[in-house]
Structure formats: C-alpha cells, structure tokens
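> Next input, structure requested:
(2 chains)
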Amino acid sequence: MSGETERLIGRLAAAAEPVRRLRPPLLRAALWLTSVAALLSVAILLFADLHVFAVRAASRKLDIELAGTLLTGILAVIAAFELSLPDRSRAWALLPLPTLALWILASGYSCWRHWLAYGPDGWVIGESANCFRFIIGVSVPLAVSLIVLLRRARPLAPVRVAAMGGLGVAAIAAFALQFFHPFDVTFMDLGVHAAAVTIVVAAVAGAERAAERRRERAR
Amino acid sequence: MEAAQDGDRAAYERLLRDIVPFLRAVVRPQHSAPDRIEEVVQEVLLTIHRVRHTYDPARPIRPWLAAIARRRSIDLLRRRARTAAHEVFDDTAYETFADPGANRSLEVSAATEGLGEAIAGLTPPQREAIELLKLKELSLAEASSLSGKSIAALKVNVHRAIKALRQRLNGGER
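Residues are numbered from 1 along each chain as shown, chains lettered A, B, ... in the order given. Predicted coordinates for the structure are as follows:
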C-alpha cells in the first residue's frame, strides 16, 4: 500500500463520527408518498368538483388512465429511492415503464376519440394552458421535497436519480390534475401534459447535473 | 462496517485497510498505470467515507463496495477524458515566458542550429580553421602545430570562412 493511501486511511478513520443509517428505501418512499397523498387528498376535497369527477370516473377508460398515471408516479418514486443507493441494480429504472406505457396508451386513445369527434378543429390551446400551469405548479414543491430526501443518500449517479424522481412527481401531478379536469383528455392536452412532464423531468435532472458539476469543480 | 457506522474508529481503520486490495482489483481493469490505480483507490476511499451511512448491515458488503469503486473509477476516466479534450500538449509552450530574457536559451539554441549547418557547408580547410581558432579558441601557433598548416594559411582560411558564414547566415544580403 502506498504511503499516501495509508495516510488517507488514517485521516478518514480519525474523522469517522457515528452516522445515522438510512432507513430502507421502500420505507422512505412510502413515507414520502403517504404525506403527499394526505396533502393532495385535502386539496382535492377542498377544491375539486367531485360530482363531475364521479360522472367521468364511471368510464372504464378513465379508470385505466388514472391507474396508469398513479402507478407510474408511485413506482418512479420507489425506483428513485432504490437507485439513490450505491448497491441497487440499475434495472430499478425500468420499474415505472410498463405503467408509463399504459398511461400514454390510455390518454392516446382518448385523443384519438377526440380527433374522430372534432377533427382538426380540436387543436385549440383553450383549457390546456391551465393544465400546464397545474402540472408545473404542483410538481415544483413536490420535486423540491423529494430531491432533498433523495440527496441524503448522496447518490453516485445523481442525474439518473433526479430524472426518475422528476418522472414520479410529474406523474403524481398529472394524476391530481384529473380531479380538476372536467373533460376527457384531448390530443392538445396530451401534448401539453407530455411537455409539462418532460419539462419537469428535464429541469430536475438539469438542476442536479449543474449541482454535480459545481461539486466536481470544488473538489 | 456496522461498528464503523456507530463511530468505532479502530474498526473503521481496519476495514479500510482490509478492503484496499479488493478495491484495487476492482479498478485495475480500467486503468493501466499503477499510480493511476492508487489515485482511483484513494478517490474510492473518500467516496466510501462520504456515503458510509447508505450501507445496510443486513446486506453483503462486497457488492456495495464494488459498485462505488466501479462508479468512481468511471467518473475519473470521464473527467480525465474531458480534461484531455480541452488541453493541447506543446513543448515550446513550457519554455516561452513573458520576460524576453528568460527565453534566451531557447533562441540561442535555435541560432546555433543554423550556425552548425552553415559550418558544415564550408570547404574542409575553412571548416578546420574555424573549428580550431574560433570554436576551440586555440592560438594561431597551437592551431598551426595541430593542423600542420602555416599561420598565414590559417589566417586566410578563417577570414574566408567568416565571410562565407556571414553570407550564408544573412541569406546572402551582405
């Protein structure tokens, strides 16, 4: 062993304060998801028009779409917590993909129906701008709290972890949106939702990459 | 590791010492030079120190260590490639200074190179005269006895040689 390595080990050992072990990732994900669920439930009960939602929820298609969105959110958050640890498989990143596909297919089907009904006249921004603001507005505070928790693991691949967390947060925001959305998803909507989700994922991952670069330069 | 997480410094030091050969084996395939391997191992040790709270004592430690070592090793390779892509190697750059005096040795050696070529192009008697009288700085008498030529002949050859060199070095201006 070289003398330098030897000295480094001595220094590290001398600086070894007791540390608090992280709790299991599944438990940490569950705690975060539970608090978010509680917050969103209160917001939905207070502000959403549940009567309209009940009518719409009668359709099997919306149920599939809702399930796809919610499951994508939950699974992506779990995957992010797993990926933040050094010894977990990278395959965790695949976890939310099937439900993501389900979500895209279900809303794609809505769009197609909307196209059949309205044709090209359906291409209006209209309410979609509000959806966009809603997804971004809900995502930002959720993303901040999630990233703070994920960073406690000092992930070795922070950008991947942040992108996964961003997907989870955006999916949860899109799920909550359905309660404030008095109509089926149009193709304009789908584009807007996809753009909002992409922006959230890219922003969270980009911020994390910038932070990583800063840390690297500081070293 | 469990004891180290609870703050047992002796156990931690023992652990770090014991894992160094394992870390070295993990990073060796990616780096060739021994001092590079040592550098990577040190980076890995620093990272292990920083993330030691993420180790779950219920799980085996080797995959945890190996994952950190591989990841840091790749990070360092990338960082090195990035640095290499932004830097050029130019050996004269190291010898060019803002102070003109500091560059003299470089300029002198460049000038001597030209002079050497010019001397090589002289006739043999002229070259011999220049080498003995000017480069070795012998006296006329010494040069005469060494070369077996008369002092007058040496004087003439040196004079002609200097004229020829001056012409050659100034590109035939004078």
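> can we go C-alpha only for contacts and neighbour counts from here?
OK.
> shouldn't residue A:176 be in contact with residue A:40?
Yes. Assessed by Cα atoms under 8 Å, residue A:176 is found in contact with residue A:40 at 7.2 Å.
> Neighbour count: these two, which is higher?
Higher neighbour count among residue A:176 and residue A:40: residue A:176, with 23 against 16, using other Cα atoms under 10 Å in any protein chain shown.
> Can you tell me the SS state at the more buried one?
At residue A:176 the chain is in helix, as set by DSSP: H, G, I helix; E, B strand; the rest coil.
> Following element in sequence after the helix or strand bottoming out on mean pLDDT in chain B, please.
When the helices and strands of chain B are scored by mean pLDDT, DSSP states H and E, helix B:104-120 comes last with a mean of 71. The helix or strand immediately downstream of helix B:104-120 is helix B:124-130, counting by DSSP states H and E.
> For that following helix, C-alpha coordinates in CSV please.
Provided in CSV are the C-alpha atoms of helix B:124-130 (Å, rounded to 0.1, in the frame of the first residue of the first chain):
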residue,chain,number,x,y,z
PRO,B,124,37.3,21.4,-45.4
PRO,B,125,40.3,23.8,-44.9
GLN,B,126,37.9,26.6,-43.9
ARG,B,127,36.0,24.4,-41.5
GLU,B,128,39.2,23.2,-39.9
ALA,B,129,40.4,26.7,-39.4
ILE,B,130,37.1,27.9,-37.9
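> quick one: buried residues of that helix?
Within helix B:124-130, the residues that count as buried by 16 or more other Cα atoms under 10 Å in any protein chain shown are B:125-130.
> and what of stretch B:66-80?
Result for stretch B:66-80 [16+ other Cα under 10 Å]: buried residues B:66-70, B:72-73, B:76.
> what's the answer for stretch A:59-77, then?
For stretch A:59-77, burial by neighbour count (16+ other Cα under 10 Å) applies to A:61-62, A:64-77.
> ok, the helix or strand hosting residue A:5 near chain B or not?
Per DSSP H and E: residue A:5 is located in helix A:3-14. Yes. Helix A:3-14 is in contact with chain B by Cα under 8 Å from any Cα of the partner chain, via A:5-6, A:8-10, A:12-14.
> Check the residue of chain B found nearest chain A and give its pLDDT.
Relative to chain A, the nearest point of chain B is residue B:7 (3.9 Å; Cα to the nearest Cα). What the model reports as pLDDT for residue B:7 is 82.
> what does residue B:49 give?
So residue B:49 comes in at 91 (pLDDT).
> Could you find the closest non-adjacent residue to it?
Among residues not flanking residue B:49 along the chain, residue A:12 sits closest, at 7.0 Å (Cα to Cα, 6 or more residues apart in numbering or on different chains).
> show me what contacts that neighbour?
B:13, B:46, B:49 (Cα atoms under 8 Å, 6 or more residues apart in numbering or on different chains).
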